[in-house]
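A.B. asks: Kindly generate the corresponding structure for this input.
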Amino acid sequence: MDTNDDPDEDHLTSYDIQLSIQESIEDSKTEFYRERFIPLSDQNRKLVEAIKQGHILELQEYVKYKYALDEADEKGWFPLHEAVVQPIQQILEIVLDASYKTLWEFKTSDGETPLTLAIKAGLVENVRTLLEKGIWPNTKNDKGETPLLIAVKRGSYDMVSALLKYNTSLDQPCVKRWSAMHEAAKQGRKDLIALLLKHGGNVHLRDGFGVTPLGVAAEYGHCDVLEHLIHKGGDVFALADDGASVLFEAAGGGNPDCISLLLEYGGSGNVPNRAGHLPIHRAAYEGHYLALKYLIPVTSKNAIQKSGLTPVHSAADGQNVQCLELLIENGFDVNTLLADHISESYDDERKTALYFAVSNNDIHCTEVLLNADYMDYIPLCAKLKSALEVQREWPEIRQILENPCSLKHLCRLKIRRLMGLQRLCQPASVKKLPLPPSIQRYILFKEYDLYGQALKLP
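C.D. replies: Next up is the predicted model:
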C-alpha cells in the first residue's frame, strides 16, 4: 500500500462507490416495478380511492390485502405515494405501517420518492411521520434533488428543521453540485441559512461553477444574507471557476447595497474575470445604473485599459442609455477603441462604441454617442505612425487624422479593403463591379478628376 495515499480521498471514493451501488439498486427496483404497473386489481382501486377520499374505516379493511399495496398505476404510483400527498396524517400512518419497507424508497415514473412527494406537497406532518418511521432522508429524486434541497426550495423552515433533526446530509451534492446552502442564498432566506449553519453547513461550499453561497447571495441581491454569510466566515475574495469575483456577481445582480457592503469588506473593482471583464463592465452591460455609480470611483483607469474595452462599449452593447450618459458625465471617452484581440473576435472587427449602437439599431445610444463628440478616424499602423512621429509635419498630420471622416469615405475604405490591392490596380476588374460609374470613380479616389473624366482616361 502506498504510504502517500490520502485517507480523505479514499473515504470519498468509497462513498461514491456506495452511492453508485445504491442508485443502481434503486434503478433496478424502479424498472422491475414498472412491469407491474398494470393491470390493477379491484382491491387496489378501492384502496386508492379510500386514500383520496379520506375514508379511514374503509382503508383499514382494504390494507389487509397486502398485494393491493404492491401494485402501481400507469404513473408508477403505489398506494403509499397517494397517501403521502393527502393531508390526513392517520391515512398515511395506516398505509405506511401496512406497506413493506422495501416500498418506502420506490420511485414514481417521474422519479419521486414518497419523501420528496410529501415535501413538494408542503405537508410538514407527513414529512415528520415518514422520518419518524425511519425513511432514509438522503434519497434523491431522478432530477438529482435531495429532500433537503426541495424543502429549501419550498421555503419551509419546519420541513428543513425536521430533516436536519433526522441527520440529513447537509453537503450532499445535487445536480451541478448545487447545495441547500446555495438554494437558501438564492431564495434570500437568512433564517434557513442560519439554521443550516447551526447544523454544520459549509459557507465555503462551491457549486459546479465554483460559486460559493456568498456569490449566489450577491448575484440575487440579498444584502442581509450576504452580510450574514460574511460574518460567518464567507470569503469576499473568492473567485468562481471563470474568475468572477463576488463583487462581479453583485454587479450582475445590480443591488447597490450589496456592492457597497462588499466594498466595505475589502472587495475590489479591479479584479477581472477570465474574459478580462470587470464589475463595472457587467453593471454597464446589464443596465444597473445605481450599481454603476458605486463602481465608477473604485475602478482604476489602468484596470480598464488592461481589459481592452471600456464600460462605454459595454453600455452601448447592452443598449443602456442611462448608463451610457452616466459614464460620459464621469469623463469616459466615447472614442476609445477596443483592443485588437477583442476586435478580432468579431466577424466585422468592430472597434468603437458607436459600432455597437448602430449594429443594435439603437437610435438613442447612437444619438448620445454622436452628441458626446464621437469621432471616427482612420488609424495608422504602428510602424507607419512611429515613422511619421519624428517628422516635422507630424502635428499637422495628427490634426488631419483627428478630423472626423464622413460615413461615405469610411464605406469606401471598407470596399477597397475587401477588393484588395491587386483588383484595384486593374481597371477592368473595377468596371465589372455592379456599381454606377460615379461610385466606381469614388472608390478609385477619382471623384474630383474632372479632366480625366473628360478625356475618358482609365
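A.B. asks: going forward, measure contacts and count neighbours with C-alpha atoms only.
C.D. replies: OK.
A.B. asks: Quickly list the domain ranges of this protein.
C.D. replies: Following the assignment in automatic domain parsing, the chain carries domains at 17-169, 202-307, 314-374, 417-454.
A.B. asks: if you compare those, which one is most tucked away?
C.D. replies: Stretch with highest mean neighbour count among these: domain 202-307 (a mean of 21; mean count of other CA atoms under 10 Å).
A.B. asks: show me what contacts the closest residue to Asp242 other than its chain neighbours?
C.D. replies: Leaving aside its sequence neighbours, Asp242 sits nearest to Arg274 (CA to CA, 6 or more residues apart in numbering; 5.6 Å). Arg274 makes contact with 242-244, according to CA atoms under 8 Å, 6 or more residues apart in numbering.
A.B. asks: Out of the domains of the chain, which is closest to Ala382?
C.D. replies: Among the domains of the chain, the nearest to Ala382 by CA to CA is domain 314-374 (12.3 Å).
A.B. asks: Distance from the closest one to the middle of the chain?
C.D. replies: With CA atoms, centre = their mean, to the nearest Å as the basis, domain 314-374 stands 25 Å off its chain's centre.
A.B. asks: Low-confidence stretches in the stretch 251-400 of the chain?
C.D. replies: Applying pLDDT under 70 to the stretch 251-400 of the chain picks out residues 373-381, 400.
A.B. asks: on that earlier part again, just send the domains of the chain back as TSV, with distance to Met181 too.
C.D. replies: What follows is the domains of the chain, written out as TSV (distance: least, CA to CA, whole Å):
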stretch	distance to Met181
domain 17-169	8
domain 202-307	6
domain 314-374	32
domain 417-454	55
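A.B. asks: of all those, which lies closest to His409?
C.D. replies: Taking CA to CA as the criterion, domain 417-454 is the member of the domains of the chain that comes nearest to His409, at 8.9 Å.
A.B. asks: sorry, back to before: for Ala185, find the nearest of the domains of the chain.
C.D. replies: Set against Ala185 and scored by CA to CA, the domains of the chain come closest in domain 202-307, at 4.9 Å.
A.B. asks: returning to that earlier point: name the element the residue nearest to Asp242 belongs to?
C.D. replies: Under the criterion DSSP states H and E, no helix or strand holds Arg274.
A.B. asks: Determine how far the last residue of stretch 318-336 lies from the first.
C.D. replies: 17 Å (CA to CA, to the nearest Å).
A.B. asks: next one: stretch 197-213
C.D. replies: Terminal residues of stretch 197-213 are spaced 12 Å apart (CA to CA).
A.B. asks: swap in stretch 262-269?
C.D. replies: Taking CA to CA, stretch 262-269 runs 10 Å from one end to the other.
A.B. asks: Over to stretch 115-124?
C.D. replies: With CA to CA applied, stretch 115-124 spans 11 Å between its terminal residues.
A.B. asks: Equivalent analysis for stretch 320-338, please.
C.D. replies: 18 Å.
A.B. asks: Wait, Cys323 touches Arg282, no?
C.D. replies: No - judged on CA atoms under 8 Å, Cys323 makes no contact with Arg282 at a distance of 11.4 Å.
A.B. asks: closest to Ser386 out of the domains of the chain?
C.D. replies: With CA to CA as the measure, domain 314-374 is the member of the domains of the chain nearest Ser386 (18.1 Å).
A.B. asks: Tell me how far Glu112 lies from Ile150.
C.D. replies: Distance, Glu112 to Ile150, by CA to CA: 11 Å.
A.B. asks: just Lys75 next, same as before
C.D. replies: Per CA to CA, Lys75 is found 21 Å from Ile150.
A.B. asks: cool, Ile193 as well?
C.D. replies: Between Ile193 and Ile150 the computed distance is 15 Å (CA to CA).
A.B. asks: Repeat that for Glu325.
C.D. replies: Using CA to CA, Glu325 is found at 44 Å from Ile150.
A.B. asks: cool, and Ile439?
C.D. replies: Applying CA to CA to Ile439 and Ile150 gives a distance of 67 Å.
A.B. asks: and Glu74, that one's in a helix?
C.D. replies: No - counting by DSSP: H, G, I helix; E, B strand; the rest coil, Glu74 falls outside a helix, being coil.
A.B. asks: Got the confidence number for it?
C.D. replies: Note on Glu74: pLDDT of 89.
A.B. asks: Please apply the same query to Tyr62.
C.D. replies: pLDDT, read off for Tyr62, is 87.
A.B. asks: Val48 is in contact with that one, correct?
C.D. replies: No - counting by CA under 8 Å, Tyr62 does not reach Val48; the two are 9.3 Å apart.
A.B. asks: Arg177 is nearest to which of the domains of the chain?
C.D. replies: Nearest of the domains of the chain to Arg177, taken as CA to CA: domain 202-307 at 4.6 Å.
A.B. asks: For the stretch 101-250 of the chain, just list every one of the helices.
C.D. replies: 114-120, 124-133, 147-154, 157-165, 180-187, 190-198, 213-219, 223-231, 246-253 (DSSP state H, counting those that start in this stretch).
A.B. asks: for those helices, which one sits closest to Pro434?
C.D. replies: Checked against CA to CA, the stretch from the helices of the stretch 101-250 of the chain lying closest is helix 246-253, at 48.2 Å.
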